[in-house]
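# Quick one: sequence plus predicted model below, questions after.
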Amino acid sequence: GFVEKDESASQAILREIREEIGIKGRVEGLIGVYQGKTRLYGSAVVIGYKVASLSRNFSPGNEVEEIRFFRTSRLPSLAFTSHQKLLLDFHHTFRTPIPTVDAIIEKDGGIVLIQRKNPPYGWALPGGFVDYGESLEKAVKREVREETNLEVQNLRQFRSYSDPARDPRFHTISTVFIAEGMGKLEPKDDAKKTSVIREGRLPKRVAFDHREILEDYFGAKRPASRKDMGSSQCLE
């Protein structure tokens, strides 16, 4: 859609997708700028962005008749010539793994987990996508604060996880950090609930590959900390 007065192009695209398909998004990068012509508006400059969906509750807006998903190899005829070029550039430029961060937050003798509001559902470590221009350390501190209300201290890297199947939505590479959580734990943003779990009491439904991450973490701490990890009721 059009960029409104006193609105940046990135702000406009987030507004447009909210109005047209009913979801919130996060701009992850510029795909390209294209000169095109339309029958209704004449010459137009199209700025294409890659936007990550922050929800799956798609709903057609007032100007949208139908929402459908297509493979890039089976695209229908497009209304604007610039859109074909944009999609081709996206396919060649952005088909790369996406950097993410996850946090093992030590608090009250256990590890902080969140129960996700959005798919993939289940319990998970706090974490998320790294914003453009943001370091891994800043990203993990931001994500922990946004999802658990905690600040972190003694932050250090643990391991990286890159299995292409670790996230059902995208191919992501996660850098996992360990830190101590400070403050009052409460669910925010993408978190429906929060809890502190201990070794041997992982919930039954764990999202992504976070069960593997936690098993690696607890395994690396044995035997020194085994006696320090008590027991707690298992989460469903």
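Sure, I can see it.

# which strands and helices sit next to the helix or strand of the chain with the lowest mean pLDDT?
Lowest by mean pLDDT, DSSP states H and E among the helices and strands of the chain is helix 81-93, with a mean of 79. Packed against helix 81-93 by the contact rule (3 or more C-beta pairs under 8 Å, 6 or more residues apart in numbering; DSSP states H and E) you find strand 25-38, strand 42-53. Bear in mind the C-beta positions are built from the backbone N, C-alpha and C, glycine included.

# who does the longest one touch, helix- and strand-wise?
When contacts are defined as 3+ C-beta pairs under 8 Å, 6+ apart, strand 25-38 sits against helix 9-21, strand 42-53, helix 81-93.

# and it, how far from the chain's centre?
21 Å (C-alpha atoms, centre = their mean, to the nearest Å).

# hey, where'd the helices end up in the protein?
Ranges of helices in the chain, per DSSP state H, are 9-21, 81-93, 136-148, 210-221.

# The last one: which residues count as buried?
Burial within helix 210-221, assessed by neighbour count using 16 or more other C-beta atoms under 10 Å, is assigned to 210, 211, 213, 214, 216, 217, 218.

# by contact count, what packs against it?
strand 98-107, strand 151-161.

# Export the helices and strands packed on strand 25-38 as TSV, with columns for distance to residue 161 and mean neighbour count.
Formatted as TSV, the helices and strands packed on strand 25-38 follow (distance: least, C-beta to C-beta, whole Å; neighbours: other C-beta atoms under 10 Å):
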stretch	distance to residue 161	mean neighbour count
helix 9-21	29	16
strand 42-53	19	15
helix 81-93	24	15
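
# Quick check: which of these is nearest to residue 166?
Residue 166 lies closest, by C-beta to C-beta, to one member of these: strand 42-53, at 16.4 Å.

# What does the pLDDT read for residue 126?
Looking at residue 126, its pLDDT stands at 97.

# same deal with the one 4 residues further on?
In the predicted model, residue 130 carries a pLDDT score of 90.

# same deal with residue 140?
pLDDT, read off for residue 140, is 98.

# of the helices and strands packed on strand 25-38, which approaches residue 59 most closely?
Per C-beta to C-beta, nearest to residue 59 of the helices and strands packed on strand 25-38: helix 9-21, 7.0 Å.

# CA atoms only for that closest one, dumped as CSV, please.
Output in CSV follows, covering the C-alpha atoms of helix 9-21 (Å, rounded to 0.1, in the frame of the first residue of the first chain):
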residue,chain,number,x,y,z
ALA,A,9,8.4,3.0,4.6
SER,A,10,9.0,0.4,7.2
GLN,A,11,6.2,1.7,9.4
ALA,A,12,3.9,1.7,6.4
ILE,A,13,4.5,-1.9,5.5
LEU,A,14,3.8,-3.0,9.1
ARG,A,15,0.6,-1.0,9.1
GLU,A,16,-0.5,-2.3,5.7
ILE,A,17,0.0,-6.0,6.6
ARG,A,18,-2.0,-5.4,9.8
GLU,A,19,-4.8,-3.7,7.9
GLU,A,20,-4.8,-6.2,5.0
ILE,A,21,-4.2,-9.6,6.5
